[in-house]
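Trainee: Pasting the sequence and the predicted coordinates here, then a few questions.
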Amino acid sequence: MKKSPIVTIVAIGIGAALFFVLGRFISIPSPIPNTNVSIQHALLAFMAFLFGPIAGALIGFIGHTLIDFSFGWGIWWSWVIASGVSGFVMGLIGRKSGLAKGEFGKKDIIRFNVCQVIANVVAWLVVAPVLDILIYAEPANKVFVQGAATTLINVVAIAVIGTLLCLAYAATKPKSGSLKEE
Amino acid sequence: MTNLFNYIERKSPIHELSGATKLICLLLWSFAAMITFDTRMLVFLPVVSIFAFSVSKIRIKDISFIFYFMLVFLVLNNLLIFLFEPEQGVKIYGTRHVLFEIFGRYVVTSEQLFYHLNVILKFFATIPIVLLFVCTTNPSEFASSLARVGVNYKIAYAVSLALRYIPDIQREYHDISLSQQARGLEMSKKQKLTKRLISAVKIVFPLIMSSMERIEVISNAMELRGFGKNKKRSWYTGEKFRRADYLCMGFCLLLLLVSIGLNFLNHGRYFNPFI
């Protein structure tokens, strides 16, 4: 089944809305300020893996912007961009997966998790702190500790929740060749 | 749910500006405030935004609860900066005037205090204007203004889809949460953190799966109506630019130019009073 571009657009819209609702109402604060245990990043990883890099980038970017908007504390651009980057990287590596067709075996689990570790490191350990330093001139060791904490929390959250999400989604899709002649 | 984005309807010159103008101004302003660390500019920007607030007829009590959040964030952030790098100011400004010592490497210098002042001012230069934008721009106007600014209309449409479906998804989340609680899922603060996490997951999964179905339904509906066939589309809430719109955009552009200019004038991003 070939996907129409409209599916991607709708996926961006609904994905961003989900990202917003999850991030806004179900975040659990961690001991480090400005850093949350966030289910929305597991959703982002899952949706980027399913719908590709453009959808991933925009879901992260739009969703995070909306969250910052609605809290009204202003947009922390460096982290918003990092969210987009993590979705983009995730979609870029994962775009050839068979998840849309309901295939998600052991190999895919490993690939999904390797992808998400790379995406998180790039986004939260490189992009977010570097932008923090460039835009807000914050001390390097502070932002890298924050970045490392976020990376760690996100990797763990995505490894558990994201993987389960993919498995659950794959189970809802009928696999090709699942019908047998009797 | 309508007040999720804190849009406050009043009659004021700022409300009457078109959404696209406010978005462009917000972007120009944000860049101007992001680029500079010149203290004079960082004092000027908050003063202008206070003026803009008084014009917009948004009262302090409308937004006071957000100020509380901001204050907590600000204090925490500054404490952390000092904890991690008490010499950041010295690094930036290149001189060292010790005021008094606390202990060990925690020495209070006037450079550090000045740096903290800048961090705080930067906060007040960037945040209130976003707040003003949120309070004075109707969310449904937001998407059309994105298209107006030159963003591809398909992406603008994705944003408006997100805004449209946030209340729906929220309601669904609430419904699922209630029905799970009726089955005995404990969500209150009495529960341990890990258990609460697990129960959150039990609510989130059905929510995400049903949203996946929603994606299919909506995209089929849009495809049937021929969405994306043409290169352009019109918007119900689009408005023409007026004189006030051009004036505001001009002013914000000027701010950005001044901010870039100051970078050259100061030979760097910082205004240094210590030399």
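Mentor: Happy to help now that I have it.
Trainee: okay, CA-based contacts and neighbour counts for the rest of this
Mentor: OK.
Trainee: how about the nearest residue to residue 132, chain neighbours excluded?
Mentor: Looking at chain A here, since you left the chain open. Taking CA to CA, 6 or more residues apart in numbering or on different chains as the measure, A:Asp132 lies nearest to A:Ser78, with 5.8 Å between them; neighbours along the chain are not counted.
Trainee: wrong one, chain B
Mentor: Of all residues apart from its sequence neighbours, B:Phe53 sits closest to B:Leu132 (CA to CA, 6+ apart), at 6.8 Å.
Trainee: which stretch of helix or strand covers the one you found?
Mentor: Take DSSP states H and E as the rule and B:Phe53 turns out to sit in helix B:39-56.
Trainee: With B:Phe67 instead?
Mentor: Secondary-structure assignment from DSSP H and E places B:Phe67 in helix B:60-84.
Trainee: That helix: which residues count as buried?
Mentor: Under the neighbour-count criterion of 16 or more other CA atoms under 10 Å in any protein chain shown, helix B:60-84 has B:67, B:70, B:74, B:77-78, B:80-82, B:84 buried.
Trainee: Ok, stretch B:161-173 next?
Mentor: Quick answer for stretch B:161-173 (16+ other CA under 10 Å): B:161-167, B:169-170, B:172-173.
Trainee: Ok, stretch B:94-101 next?
Mentor: Within stretch B:94-101, the residues that count as buried by 16+ other CA under 10 Å are B:Arg96.
Trainee: export that stretch as CSV, just CAs?
Mentor: Extracted as CSV, the C-alpha positions of stretch B:94-101 are listed here (Å, rounded to 0.1, in the frame of the first residue of the first chain):
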residue,chain,number,x,y,z
GLY,B,94,37.5,39.0,31.1
THR,B,95,38.0,40.9,34.4
ARG,B,96,37.5,39.8,38.0
HIS,B,97,36.2,42.1,40.8
VAL,B,98,35.7,40.0,43.9
LEU,B,99,32.8,41.2,46.1
PHE,B,100,32.8,38.5,48.8
GLU,B,101,33.5,34.8,49.2
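Trainee: ok, that stretch near chain A or not?
Mentor: No. Using CA under 8 Å from any CA of the partner chain, we find that stretch B:94-101 stays clear of chain A, coming within 15.0 Å at best.
Trainee: Distance from the chain centre to that stretch, please.
Mentor: Per CA atoms, centre = their mean, to the nearest Å, the displacement of stretch B:94-101 from the mean C-alpha position of its chain is 35 Å.
Trainee: likewise stretch A:159-179?
Mentor: Going by CA atoms, centre = their mean, where stretch A:159-179 is centred and where its chain is centred differ by 17 Å.
Trainee: Residues contacting the helix or strand encompassing B:Leu262, please?
Mentor: With elements taken from DSSP H and E, the one containing B:Leu262 is helix B:243-265. With contacts defined as CA atoms under 8 Å, 6 or more residues apart in numbering or on different chains, helix B:243-265 is touched by B:17-18, B:21, B:24-25, B:28-29, B:31-33, B:35-36, B:38, B:41, B:269-270.
Trainee: Can you tell me which of those has the most neighbours?
Mentor: Within the contacts of helix B:243-265, most neighbours by other CA atoms under 10 Å in any protein chain shown means B:Ala33, with 27 neighbours.
Trainee: Give me the three-state assignment for residue 96.
Mentor: Let's take chain A. For A:Lys96, the secondary-structure state derived from DSSP: H, G, I helix; E, B strand; the rest coil is coil.
Trainee: sorry, should have said chain B
Mentor: coil.
Trainee: tell me the phi and psi of it?
Mentor: Listed backbone geometry of B:Arg96 is phi -140, psi 110, with angles given as degrees, to the nearest 10.
Trainee: I'd assumed B:Leu113 was in contact with it.
Mentor: No. B:Arg96 is beyond contact range of B:Leu113, at 11.4 Å (criterion: CA atoms under 8 Å).
Trainee: picking up where we left off before, for the residue nearest to A:Asp132, which residues are in contact?
Mentor: Each residue near A:Ser78 by CA under 8 Å, 6+ apart is listed here: A:127-129, A:131-132, A:135.
Trainee: Go through those and name the one nearest A:Val121.
Mentor: Of all the contacts of A:Ser78, A:Val127 has the smallest distance to A:Val121: 8.7 Å, by CA to CA.
Trainee: from what I can see that closest one touches A:Ala82, true?
Mentor: Yes. The pair A:Val127 / A:Ala82 is scored as a contact, 5.8 Å apart, by CA under 8 Å.
Trainee: So between these two, which is more surrounded?
Mentor: A:Ala82 (26 against 20).
Trainee: And for that one, nearest residue in space, chain neighbours not counted?
Mentor: Across the structure, with CA to CA, 6+ apart as the measure, the residue nearest A:Ala82 apart from its sequence neighbours is A:Ala123 (4.9 Å).
Trainee: What is the neighbour count of that neighbour?
Mentor: Residues lying near A:Ala123 (other CA under 10 Å) number 27.
Trainee: Which of the three states applies to it?
Mentor: In terms of secondary structure, A:Ala123 is helix; the call rests on three-state DSSP.
Trainee: so, in contact with chain A or not, the longest helix belonging to chain B?
Mentor: Among all segments of chain B classified by DSSP state H, the helix with the greatest residue count is helix B:193-224. Yes. Using CA under 8 Å from any CA, we find that helix B:193-224 touches chain A at B:200-201, B:205, B:208-209, B:211, B:215-216, B:218-219, B:222-223.
Trainee: Would you list the buried entries among the residues you listed?
Mentor: Neighbour-count burial (16+ other CA under 10 Å) is assigned, among those, to B:200-201, B:205, B:208, B:211, B:215, B:218-219, B:223.
Trainee: What is the least confident helix or strand in chain A?
Mentor: Every helix and strand in chain A was compared by mean pLDDT, DSSP states H and E; the lowest is strand A:28-29, with a mean of 54.
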